[in-house]
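> output the structure for:
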Amino acid sequence: MKKNLLLIALMLVGLLQAQDKKESYSFSLQQAIDHAIQHNYSSINAQRDIDKAKQKKWETTATGLPQISGVGSYNNNFQIQQNQFTVNGETTTIQFGSYNSADGSLRLNQLIFDGSYIVALQASKTYLRYYENAKQKTNTEIREMVINAYGNVLLAEESVAILEKNKTTLSKTLGDTQETFKNGLIEEENVEQLQITLASVNSSLNNAKRLKDVALKMLKFALGMDINDDLTLTDKLDNLTMSNLDLAFSKGDFAVTNNINYQIAQNFKEQRSLELKLEKSKALPSLSAGLNYGYNAFNNKFKLFSPDQKWYNYSGLAVNLNVPIFSSFGRHAKTQQAKIALEQAKTQLTQTEQQLKLEYEKAKSEYEFAVEEYSTSKSNLTLAERIERKQQIKFTEGLSSSFDFSEAQRQLYTAQQNYLQSMVNVINKKAALEKIINNN
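Presented below is the predicted three-dimensional model:
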């Protein structure tokens, strides 16, 4: 019994460990994008929308194909209805029917011509294309989202690394300054000023670590991963920035028709055009045919399924022609509504085109500014480092006040963060521009 309990306990522990086991991933930026397009939650559902649209297309197609249905029925008349007759002035009643009856039949229906069916087939293709465009739009949005999230993680990592380096350097300077103060060579204010700066760096470092954890979880979410899985980023911020420094990229012509939002607006216009055709097709006649074949049986006793029960067969062919003649101008009103809707869709398409051109100019300008800011912040960082080193030497030699040294440090720390942020901006603004021109 003890052995069985031990075995069960070991199995439960193994099962819990298997459930808690983390997956480990290592992605470059491109690998992260590819993974997200396959596993992001929005991407998965967008693909399901396409699958549903394909089934909807077949549903529409099937309405014009042969339809076969089977019908079976059984009736038990507890009391047969009396019918009254008058013969030679005398009224009498008689029963017609039997106590038990059964019927079974097959019916074949076939649509021969219907203008609305032809339009529906065209609409089903447009309907499918709409969701294919929606999936593509989802992919472009996911791509931009992953690039931003990936860059934020790299920014947080670099911020932590720089702040830790600043903390180490500042701690050493503070230690040297405290020793100098003990020897009576400087005032206590110099030590206190460095302590204030170090406390500020410590606070920024702790916040950067928290932001790094949040940024990493946000990236995992964008990738469609469990936020507790392990994820390692193989690309570096410097390398990604250099690969996105391409001002020639923003000098090309913008083909608005390549933008997915334009394609969706175009698809919307096609849908309104088909709706107009549908309303017009309702004025055309429709033709269908049906073939019916079946058996029925009657008996006053329930012996319908006995070998000696006689069944009677019947069959028939029906052709149905429906010709619309007059609808009190109802069809005309619907057609006019569809025309107005089509004109609205054309206006929306023009609006979308102009809006995309404006967004392109804005995105191009922001990208070019991001590249310029990167160059400026890089130069500013070099100058801030040089100024901070000079002030540190002067401060150590007693030629500069703690205030001047502290100001140089703050200027350096600001320049460091501006430089890191400028690199991320180059990456993000390039992604935004690529999204508009659909260069994925």
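> what segments of the protein are strands?
Using DSSP state E, the strands of the chain run over 24-27, 67-76, 82-87, 90-95, 100-113, 230-233, 286-299, 312-322.
> now the ones you listed as CSV including distance to residue 43, mean pLDDT and mean neighbour count?
C-beta coordinates here come from the backbone N, C-alpha and C atoms, glycine included. Formatted as CSV, those follow (distance: least, Cβ to Cβ, whole Å; pLDDT from 0 to 100; neighbours: other Cβ atoms under 10 Å):
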stretch, distance to residue 43, mean pLDDT, mean neighbour count
strand 24-27, 16, 92, 14
strand 67-76, 37, 91, 11
strand 82-87, 70, 76, 9
strand 90-95, 70, 79, 9
strand 100-113, 38, 91, 15
strand 230-233, 18, 94, 15
strand 286-299, 42, 91, 16
strand 312-322, 45, 92, 10
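> and these as CSV, adding distance to residue 168?
Below are these laid out as CSV (distance: least, Cβ to Cβ, whole Å):
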stretch, distance to residue 168
strand 24-27, 28
strand 67-76, 80
strand 82-87, 110
strand 90-95, 110
strand 100-113, 81
strand 230-233, 24
strand 286-299, 84
strand 312-322, 87
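> for residue 368, find the nearest of those strands.
Residue 368 lies closest to strand 230-233 among the strands of the chain, at 27.2 Å (Cβ to Cβ).
> and that closest one, which strands flank it?
strand 24-27 (parallel) (DSSP bridges).
> ok, what's across the strand from the residue nearest to residue 112 when sequence neighbours are not counted?
Closest residue in space to residue 112, ignoring its immediate chain neighbours: residue 287 at 4.2 Å, by Cβ to Cβ, 6 or more residues apart in numbering. Legend: beta-bridge partners of residue 287 under DSSP bridges are residue 113, residue 321.
> residue 287 is in contact with residue 117, isn't it?
No: under the criterion of Cβ atoms under 8 Å, residue 287 is not in contact with residue 117, lying 11.0 Å apart.
> hmm, back to that, tell me the spacing between the residue nearest to residue 112 and residue 319.
For residue 287, the distance to residue 319 equals 7 Å [Cβ to Cβ, to the nearest Å].
> how about the helices in the protein?
For the chain, the helices defined by DSSP state H occupy 2-20, 29-39, 41-62, 115-182, 188-223, 237-243, 260-281, 330-396, 402-437.
> and residue 324, what does it touch?
Residue 324 makes contact with 282-285, 331, according to Cβ atoms under 8 Å, 6 or more residues apart in numbering.
> then residue 157?
Contacts of residue 157 by Cβ under 8 Å, 6+ apart are 212, 233, 237.
> and stretch 219-227, how far from the chain's centre?
Put simply, stretch 219-227 sits 14 Å off its chain's centre (Cα atoms, centre = their mean, to the nearest Å).
> where's the residue lying farthest from the centre of the chain relative to residue 145, distance?
For the chain, the largest distance from the centre (Cα atoms, centre = their mean) belongs to residue 88, which lies 83.8 Å off. Plainly put, residue 88 is 94 Å away from residue 145 if you go by Cβ to Cβ.
> check residue 258 too.
Taking Cβ to Cβ, one finds residue 258 at 20 Å from residue 145.
> who's more crowded, those two?
residue 145 (20 against 13; other Cβ atoms under 10 Å).
> what is the neighbour count of the nearest residue in space to that one that is not next to it in sequence?
Leaving aside its chain neighbours, residue 145 sits nearest to residue 222 (5.2 Å; criterion: Cβ to Cβ, 6+ apart). When neighbours are defined as other Cβ under 10 Å, residue 222 has 23 of them.
> cool, and residue 81?
Neighbours around residue 81, by other Cβ under 10 Å: 9.
> any idea how far it is from residue 170?
Following Cβ to Cβ, the distance that separates residue 81 from residue 170 is 106 Å.
> residue 264 now?
Look at residue 264 and residue 170: by Cβ to Cβ, they are 54 Å apart.
> could you export the contacts of residue 324 as JSON lines, including distance to residue 139?
JSON lines is the format used below for those (distance: Cβ to Cβ, whole Å):
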{"residue": "282", "distance to residue 139": "38"}
{"residue": "283", "distance to residue 139": "42"}
{"residue": "284", "distance to residue 139": "41"}
{"residue": "285", "distance to residue 139": "45"}
{"residue": "331", "distance to residue 139": "42"}
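> mean confidence for stretch 212-229?
When pLDDT is averaged along stretch 212-229, the result is 95.
> just the buried residues of that stretch, please?
Neighbour counts over stretch 212-229 (16 or more other Cβ atoms under 10 Å) mark 212, 215-225 as buried.
> what's the answer for stretch 182-195, then?
Neighbour-count burial for stretch 182-195 [16+ other Cβ under 10 Å]: 186, 190-191, 193-194.
> rewinding a little: mind listing what the residue nearest to residue 112 touches?
111-114, 319-322.
> tabulate those residues (TSV), appending distance to residue 252.
Below are those laid out as TSV (distance: Cβ to Cβ, whole Å):
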residue	distance to residue 252
111	51
112	54
113	51
114	49
319	62
320	60
321	59
322	56
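> pick out the most distant pair among those residues.
Across the contacts of residue 287, no pair lies farther apart than 114 and 319, at 13.9 Å, counting by Cβ to Cβ.
> need the overlap of contacts for these two.
Residues touching both residue 114 and residue 319 (Cβ under 8 Å, 6+ apart) are 287-288.
> ok, now which ones touch the residue lying closest to residue 417 once chain neighbours are set aside?
Excluding the flanking residues, the one nearest residue 417 by Cβ to Cβ, 6+ apart is residue 159, at 6.9 Å. With contact set as Cβ under 8 Å, 6+ apart, residue 159 has these partners: 208, 211-212, 417, 420.
> what about residue 60, how many residues nearby?
Around residue 60 there are 17 residues (other Cβ under 10 Å).
> report the contact partners of it.
Counting by Cβ under 8 Å, 6+ apart, residue 60 makes contact with 120-121, 123-124.
> shaky segments in this structure?
In the predicted model of the chain, residues 1-21, 185, 248-250, 439-440 satisfy pLDDT under 70.
> count of residues packed around the residue nearest to residue 195 when sequence neighbours are not counted?
Using Cβ to Cβ, 6+ apart and skipping the chain neighbours, the partner closest in space to residue 195 is residue 174 (6.6 Å). A count of nearby residues for residue 174, using other Cβ under 10 Å, gives 17.
> my guess is residue 174 contacts residue 192. True?
No: using Cβ under 8 Å, residue 174 is not in contact with residue 192; the gap is 10.2 Å.
> this protein - how does it break down into domains?
Residue ranges for the domains of the chain, per automatic domain parsing: 24-64+114-284+329-437, 66-113+285-323.
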